[in-house]
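A.B. asks: sequence and predicted structure, then a few things I'm wondering about:
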Amino acid sequence: MENLSKEQVLRVAYLSRLELTGKEAETYGRQMTEILNYVSQLSEVDTSGVQPFMSVTDSKNSFREDEIGKEGLEIEDIKKNTPVMDGRLIKIKAVLEGK
Amino acid sequence: MFKKGLSITEARRKLDSGEMSSAKLTKGYLDKIKDKNPSLNAYLSVDNKGALGAAKESDTRRQKGEVKGPLDGIPIAVKDNLCVRGGRTTAASKILEDYIAPYDATVVKLLKEAGTVVLGKTNLDEFAMGSSTENSAYGVCKNPWDISRVPGGSSGGSAAAVAADLCVAAIGSDTGGSIRLPASFCGTVGHKPTYGAVSRYGLIAMCSSFDQVGPLTKTVADAEILMSVLAQKDPLDATSVGLSPNPEKIDSLKGIKIGVPKEYFGEGMERGVKKAVEEAIEKAGGAGAEIIDISLPHTKYALALYYIIVPAEVSSNLARFDGIRFGLSTEKENDLSADSYIDVYNVTRAEGFGPEAKRRIMLGSYVLSAGYYDAYYKQAQRVRVLVKKDFDEAFAKVDVLLTPVSPTTAFKIGEKIDDPLTMYLQDVNTVPINPAGVPAVSIPCGLSNNLPVGLQLIGPHFGDFKLLEIAKEVENILE
């Protein structure tokens, strides 16, 4: 496989919500290319007829009763970590620009 | 063999006989941590007040004859990717530098209910990604055997704390060797349970289908004690199954079938490591075990599938660190700013994550993206089935598998950090175990160049207690 270009790395970084400098994109690009080359050897393995892995225990969906749980978080504990609060609400920047 | 300080069993005896109180035992450890931790950096935070409080409560219970069990009053360290309510829980990342966990992880809750004294939180590679603790945002942890060397990772702090007797035992987590490798490098016991045996609720998730929480201890018997307390089905973890207690005691290796898979004895093995492991195999044979040659043909693909699936799950699990509800944020910090909503994410995450975390997030996004998903991720999940099948077939023939934990002993700080792939290759013997979900334990088996060598014993699914009984026998004959 070809080397990941700086543009490809910046594209993946954008998808991952990570701001990178041009220089970082180059370094990560080199390292990621090396790793991707290594993992590509999996294409050698004959997996015809093999269903992708589902679970160690063959367990199916684990359900609980449809009731309001007793485990919640105390608002005081939440407030210790939240950047900006307005009463009980978490304040964030506008997602959709007002037009 | 290398045990420094009291084991859980010995500490309990002293507490029961009245020779020592938990308060005295705990204070002893807190003083020792104050003295030794600055040079080792095994602990990221220590809870003096909480620990002494819990110790005094334990002493009161003991006086009244209301001892809760084998862990009552025993001082233990917890890896800092497990939530302890009211305490700083950082996952050794800047992005959680001031995060105060609002709840206890289930394993922490179980430890507290058992009367355990939690001394503090130990150092790790950031978000448990790494094999040396060099990826910690709070400085590397040093190996107590040689402080110019790494303790292994990612549970390096836990392993170093046990090896340096800065706690009686510790809790770590293992996704690709993160309990077993540091146990090996530091000369302690380390057990990775069967996937589903121990609850992951409150463990900061890295790779949800591989992660398990487990004990790092001075003896195998101590690991059994911790497992009996921790391996419970938890309704808060949909993948948890727990373990049934195993009454089968094994007091000799006679008739035990030990499989030795050739694929785990590769070329890069340090001579001293090979020698120590081969001597252990000979001793086991001498004690009556049947040594059987085994092949696990898909072993060589395990590392490749690991470094597709792990980054894929990491990219999903680390998406929650976004500067909105908790953790580092452009909206909180004075020297970070964001003009738009999306920059809150971009800048917070760029600032808060270290290079390994970023690499894995990006690799994960890439292998899951349209056009690449089938070739990488889906193929990896198919090969995973074949890796698991190798183990299932092997356990139809043998009771346990025996391998070296690592091709080398502890390497020097800085030696491998510049080349991610070289670091990944360190894990070649531990990584196949997690995708298959089988249990595995690392026990010390000698020295090579004065550094500990670890022996890995692998068992079938949910056979943890039998595996530990066998490991205890091997531990005995290696004394």
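C.D. replies: Noted; the coordinates are in hand. Numbering: from 1, shown residues only, chains lettered A, B, ... in the order given.
A.B. asks: most centrally placed residue in chain B?
C.D. replies: In chain B, the centroid-proximal residue (C-alpha atoms, centre = their mean) is B:Ile179; its distance is 2.5 Å.
A.B. asks: quick check: residues of the stretch 51-200 of chain B near chain A?
C.D. replies: Residues of the stretch 51-200 of chain B lying near chain A by C-beta under 8 Å from any C-beta of the partner chain: B:Arg85, B:Gly86, B:Asp98, B:Tyr99, B:Ile100, B:Pro102, B:Tyr103, B:Thr194, B:Tyr195, B:Gly196. (C-beta placed from N, C-alpha, C; glycine too.)
A.B. asks: would you turn these into CSV with neighbour count and distance to B:Leu468?
C.D. replies: What follows is these, written out as CSV (neighbours: other C-beta atoms under 10 Å in any protein chain shown; distance: C-beta to C-beta, whole Å):
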residue, neighbour count, distance to B:Leu468
B:Arg85, 17, 30
B:Gly86, 15, 33
B:Asp98, 13, 38
B:Tyr99, 21, 34
B:Ile100, 16, 35
B:Pro102, 20, 34
B:Tyr103, 19, 30
B:Thr194, 25, 12
B:Tyr195, 26, 16
B:Gly196, 24, 17
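A.B. asks: out of those, who's nearest B:Ala471?
C.D. replies: When those are compared for distance to B:Ala471 (C-beta to C-beta), B:Thr194 wins out at 14.4 Å.
A.B. asks: ok, and the closest non-adjacent residue to that closest one?
C.D. replies: Excluding the flanking residues, the one nearest B:Thr194 by C-beta to C-beta, 6 or more residues apart in numbering or on different chains is B:Pro439, at 4.4 Å.
A.B. asks: please save the CA atoms from the least confident helix or strand in chain B by mean pLDDT in CSV.
C.D. replies: Lowest by mean pLDDT, DSSP states H and E among the helices and strands of chain B is helix B:420-425, with a mean of 83. C-alpha atoms of helix B:420-425 as CSV (Å, rounded to 0.1, in the frame of the first residue of the first chain):
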residue,chain,number,x,y,z
PRO,B,420,5.6,2.5,17.7
LEU,B,421,5.8,-0.7,15.8
THR,B,422,8.9,-1.9,17.7
MET,B,423,7.0,-1.2,20.9
TYR,B,424,4.0,-3.2,19.6
LEU,B,425,6.2,-6.2,18.9
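A.B. asks: and the contacts of it?
C.D. replies: With contact meaning C-beta atoms under 8 Å, 6 or more residues apart in numbering or on different chains, helix B:420-425 is reached by A:31, A:34-35, A:38, B:130-132, B:268, B:303, B:307, B:356, B:359, B:416-417.
A.B. asks: now, which of these lie within helices?
C.D. replies: Counting by DSSP state H, the contacts of helix B:420-425 place A:Gln31, A:Glu34, A:Ile35, A:Tyr38, B:Leu303, B:Tyr307, B:Glu356, B:Arg359 in helices.
A.B. asks: coming back round to it: which among the contacts of helix B:420-425 end up buried?
C.D. replies: Buried by 16 or more other C-beta atoms under 10 Å in any protein chain shown: A:Gln31, A:Ile35, A:Tyr38, B:Gly130, B:Ser131, B:Ser132, B:Leu303, B:Tyr307, B:Glu356, B:Arg359, B:Lys416, B:Ile417, out of the contacts of helix B:420-425.
A.B. asks: what sits against B:Arg382?
C.D. replies: Contacts of B:Arg382 (C-beta under 8 Å, 6+ apart): A:Val45, A:Thr47, A:Val50, A:Gln51, A:Pro52, A:Phe53.
A.B. asks: now list the buried members of those residues.
C.D. replies: A:Val45, A:Thr47, A:Val50, A:Phe53.
A.B. asks: the second one should be in a strand, yeah?
C.D. replies: So that's A:Thr47. No. A:Thr47: not assigned to a strand; according to DSSP: H, G, I helix; E, B strand; the rest coil it is coil.
A.B. asks: where does the nearest residue to it once chain neighbours are set aside land on pLDDT?
C.D. replies: Of all residues not flanking A:Thr47 in the chain, B:Arg382 sits nearest, at 3.8 Å (C-beta to C-beta, 6+ apart). Note on B:Arg382: pLDDT of 96.
A.B. asks: ok, B:Arg382 to B:Val314 distance?
C.D. replies: 20 Å (C-beta to C-beta, to the nearest Å).
A.B. asks: could you pull out the helices in chain A for me?
C.D. replies: Under DSSP H, chain A gives helices at A:6-15, A:22-39, A:75-79.
A.B. asks: just put those helices in TSV and tack on mean pLDDT and distance to chain B.
C.D. replies: Formatted as TSV, these follow (pLDDT from 0 to 100; distance: least, C-beta to the nearest C-beta, whole Å):
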stretch	mean pLDDT	distance to chain B
helix A:6-15	93	5
helix A:22-39	93	4
helix A:75-79	91	3
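A.B. asks: adding distance to B:Val107, write the ones you listed out as JSON lines.
C.D. replies: Converted to JSON lines, the helices of chain A look like this (distance: least, C-beta to C-beta, whole Å):
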{"stretch": "helix A:6-15", "distance to B:Val107": "34"}
{"stretch": "helix A:22-39", "distance to B:Val107": "32"}
{"stretch": "helix A:75-79", "distance to B:Val107": "19"}
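A.B. asks: which among these is found nearest to B:Val367?
C.D. replies: With C-beta to C-beta as the yardstick, what comes closest out of the helices of chain A is helix A:22-39 (8.0 Å).
A.B. asks: quick one: buried residues of the closest one?
C.D. replies: By 16+ other C-beta under 10 Å, the buried positions in helix A:22-39 come out as A:Glu24, A:Ala25, A:Tyr28, A:Gly29, A:Gln31, A:Met32, A:Thr33, A:Ile35, A:Leu36, A:Tyr38, A:Val39.
A.B. asks: ok, now which ones touch the fourth one?
C.D. replies: Under the criterion of C-beta under 8 Å, 6+ apart, the contact partners of A:Gly29 comprise A:Asn3, A:Leu4, A:Ser5, A:Lys6, A:Gln8, A:Val9.
A.B. asks: could you dump those to JSON lines with neighbour count?
C.D. replies: Shown next, in JSON lines, are the contacts of A:Gly29 (neighbours: other C-beta atoms under 10 Å in any protein chain shown):
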{"residue": "A:Asn3", "neighbour count": "14"}
{"residue": "A:Leu4", "neighbour count": "22"}
{"residue": "A:Ser5", "neighbour count": "13"}
{"residue": "A:Lys6", "neighbour count": "16"}
{"residue": "A:Gln8", "neighbour count": "16"}
{"residue": "A:Val9", "neighbour count": "25"}
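A.B. asks: pick the one among the buried ones among the contacts of helix B:420-425 closest to A:Leu20.
C.D. replies: B:Arg359 (11.2 Å).
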